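**Q** missing the sequence, but the structure's below:
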């Protein structure tokens, strides 16, 4: 009995149309990465477990896909864990490799391992799939691509500026106008905590603040109170909720809130630098906005924090994000390597382009002309023409079998092939080809050179 | 204590130069696949184990990487296998997914699963990595890419012709001249076994014959004798060893050997068709040759068998191969789907191009001009120019820090960036940029438009 074929939950097959559209996005991103001086690297799909485990917290450890050792793996299995049926305890003795969970940790590993071959600052990009044993749900997959660009080995704020430009360049090329590049700075968040005298509650504070969009001002304050932040402190940060206006106006507002915090003022200075540069070199279609509630990945970001929001008319979470982290490679023994990076959310960008009908029609156009197969002699005549057209860069195909005309026409139709060529005995004798425009039904007669010209 | 970073044996990190060169090969192959009307699909990196197991023989089953179930996997573990420490017996109860071992089985699964969305004949290509738990050795990896093109749903010999043309097109584009596309036909091999009355020894016979290159005529005969093939049979096939000359001459030789076998004559007819077509539409740089010893993948090929040999001056195994298989999708319940496909050996092609210095210099050229950073004000001036050049499609970078001049120049040098721009206070006041050609040391002065022109 044959198996009914299926794929594991949370994974996807991609049809030709989907691959072509995805490649359009990848190619656009890649082209801009290159233009900005980023160089590609690739790392293996699986790493030694020790490279990945412990880098993403307990939850991350659980979501990493582990690869079973080959051969008689039970031979080296932990006897005690086996006897106690302790799955977690057994894992490390029967699995030494694990699938990549993101691109950042493998990149840090790469930088440390190859530090003597690399010229710093090192601007690298990486576009590869990652795997997570997450519970699959709408829009969340167990295999998905990440598109990352990072720079390591320099503290220069010009990199923050470049990443803003890079986001703008990519989304402008994709004709996705009206995205908002939100920026914040970890030092500003630290400054808030300092000013209200709650430095030890920085995480609780920012986690609550990050929810402003969803739960509103009162909700945020309620959560802060629950976390033990005093009324006095809440009074002090009230101006945060009143920040508004342009980037420059928000900066001024921030300045008065943070005047007591050296760290906070440093954060403002950094934001100001980026804003000045972008003002002098205006973005094409994106908007840069200061969002002091932005806190993503607080655990490791130390400076700038980025997040990109799709145009307001589309209901969609962030389509990109990133930030600066002062010690990317420390976990692998290379200290003092400041890094900054951003990421593009491929799956969400795809959905946004689809929703706004922004994929160019030409993207999915493949074969341009199908030669109808009338039999062996005619096919020979047609195949010679196909070969010549292909050399002239025209995507041409011969229908492989001399099937019924209707079937062949239907095939051209279903595959959206815009032209067919009919060349039977009559055409052969005259050295001609009848070109049919599928949509209009119009037919014209050409010799081979004329056919090439007509199709170009 | 920080870990000393490393990667699992049999896997590879790819440096920017390697990724760029590999992408050059991928892009060339992809462009030709498209030109010939093939459409891309992608399948998940891991499949349900039941999809893969049992499709590649016992050895294949052992070499498939299995993914450990997430969570408390021991809960569902086979008690008996656990108690007996039977690794093989335990596997299926603690692992439900496995990494893709090749692209052919997932493709067959895809065709069956999506048969109602597909227009047949379906010409698909697929370029994705596969994983094998093979013992790593020189040139053999545990993760490597396969580049496959297949057609399913038609028996037409025009496809064999197209695949020969496709091989020729790709290798010509790569400027790898002088490859030999060897062709054989499974029906010819069956015919041999029939003629000598040893149909039941077809596999032994062809496996021995396949070694002619390595062990010579006497070696082959010795092995055949050991497998129980009679002296009488060996006499009958003697003409096989004497086949020589052109394709057409070999065909004539074959005809006299196989005149008693209907199947064999059918194989000759197919070879003849392909040869006639290629003669009428000459290949650009490759040579088509008949090689009756070719037997690769005999288990499933039913018609044409292809193998591509690198130019003779390079010592390298085959750089491509493929063939026709009459029942690709039968294992998943869809009968009577003839398929034919070919594959390109990326890693070997890479080595051949490297050995013959065939990678174009332009391939690895990345950033064209580095702006030296003289401090904040100057960097601002430079960054405006960088932004403008990038918009004009010139890959420009600003060195992010105002480091010592020597360090910045060394960076440009190490990264093979051909030009630097020096713009200090003097240039700023004059609205100029000093462009330095790194190799010659020559310096010229330009305004921004002039700089763009000079760099184009």
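**A** Done, it's in. Since the model is a prediction, treat every value here as computed from it, not as a measurement.

**Q** how near is the residue of chain A positioned farthest from its centre to chain B?
**A** The C-alpha centroid of chain A is most remote from residue A:429, which lies 55.5 Å away (C-alpha atoms, centre = their mean). Distance, residue A:429 to chain B, by C-beta to the nearest C-beta, to the nearest Å: 18 Å. In short, each C-beta sits where N, CA and C put it, glycine included.

**Q** now residue A:24
**A** 12 Å.

**Q** who's in contact with stretch A:82-100?
**A** Stretch A:82-100 has contacts (C-beta atoms under 8 Å, 6 or more residues apart in numbering or on different chains) with A:43-49, A:52-53, A:64-69, A:73-74, A:76-78, A:80-81, A:106, A:128-131, B:8, B:45, B:67-68, B:71-75, B:77, B:82.

**Q** need the three-state assignment for the residue farthest from the centre of chain A.
**A** Using DSSP: H, G, I helix; E, B strand; the rest coil, the structure places residue A:429 in helix.

**Q** per-domain residue ranges of chain A.
**A** Taking automatic domain parsing as the domain assignment, the ranges for chain A are A:18-42+A:105-355, A:366-455.

**Q** got the buried residues for the helix or strand encompassing residue A:223?
**A** Assigned by DSSP states H and E, residue A:223 belongs to helix A:212-226. By neighbour count on 16 or more other C-beta atoms under 10 Å in any protein chain shown, the buried set for helix A:212-226 is A:212, A:220-221, A:223-224.

**Q** and of the domains of chain A, who's closest to residue B:163?
**A** Taking C-beta to C-beta, domain A:366-455 is the member of those nearest to residue B:163, at 11.7 Å.

**Q** avg pLDDT for that closest one?
**A** Averaged across domain A:366-455, the pLDDT comes to 96.

**Q** residue A:333: neighbour count?
**A** As a burial measure, residue A:333 scores 13 neighbours (other C-beta atoms under 10 Å in any protein chain shown).

**Q** how about the nearest residue to residue A:248, chain neighbours excluded?
**A** Excluding the flanking residues, the one nearest residue A:248 by C-beta to C-beta, 6 or more residues apart in numbering or on different chains is residue A:275, at 7.0 Å.

**Q** cool, and residue A:294?
**A** residue A:184 (3.9 Å).

**Q** picking up where we left off before, okay if I get the buried residues of helix A:212-226 as CSV plus distance to residue A:370 and pLDDT?
**A** Output for these, formatted as CSV (distance: C-beta to C-beta, whole Å; pLDDT from 0 to 100):
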residue, distance to residue A:370, pLDDT
A:212, 57, 91
A:220, 61, 93
A:221, 66, 93
A:223, 63, 94
A:224, 66, 93
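
**Q** and residue A:443, bridged to which residues?
**A** According to DSSP bridges, the partner residues bridging residue A:443 are residue A:436.

**Q** quick check: it touching residue A:434?
**A** Yes. Residue A:443 is within contact range of residue A:434, at 5.5 Å (criterion: C-beta atoms under 8 Å).

**Q** any residues in contact with both of those two?
**A** With C-beta under 8 Å, 6+ apart as the test, residue A:443 and residue A:434 both reach residue A:422.

**Q** so which of the domains of chain A is nearest residue B:373?
**A** domain A:18-42+A:105-355 (8.0 Å).

**Q** can you give me the first-to-last residue distance of that closest one?
**A** Length of domain A:18-42+A:105-355, first residue to last, C-alpha to C-alpha, to the nearest Å: 14 Å.

**Q** next one: stretch A:117-129 to chain centre, how far?
**A** Taking C-alpha atoms, centre = their mean, to the nearest Å, the mean C-alpha location of stretch A:117-129 is offset from the chain mean by 16 Å.

**Q** what comes up buried for it?
**A** Here stretch A:117-129 shows A:118, A:121-129 as buried, counting by 16+ other C-beta under 10 Å.

**Q** output these as TSV; include the columns distance to residue A:98, secondary structure and pLDDT.
**A** What follows is these, written out as TSV (distance: C-beta to C-beta, whole Å; DSSP: H, G, I helix; E, B strand; the rest coil; pLDDT from 0 to 100):
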residue	distance to residue A:98	secondary structure	pLDDT
A:118	25	coil	96
A:121	30	coil	96
A:122	25	strand	97
A:123	28	strand	97
A:124	22	strand	97
A:125	23	strand	98
A:126	18	strand	98
A:127	21	strand	98
A:128	15	strand	98
A:129	14	strand	98
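
**Q** from those residues, which two are the most distant?
**A** Among these, A:121 and A:129 lie farthest apart (C-beta to C-beta), at 26.9 Å.

**Q** what ranges do the strands span in the stretch 201-350 of chain A?
**A** Assigned by DSSP state E, counting those that start in this stretch, the stretch 201-350 of chain A shows strands spanning A:287-290, A:304-309, A:318-325, A:339-344.
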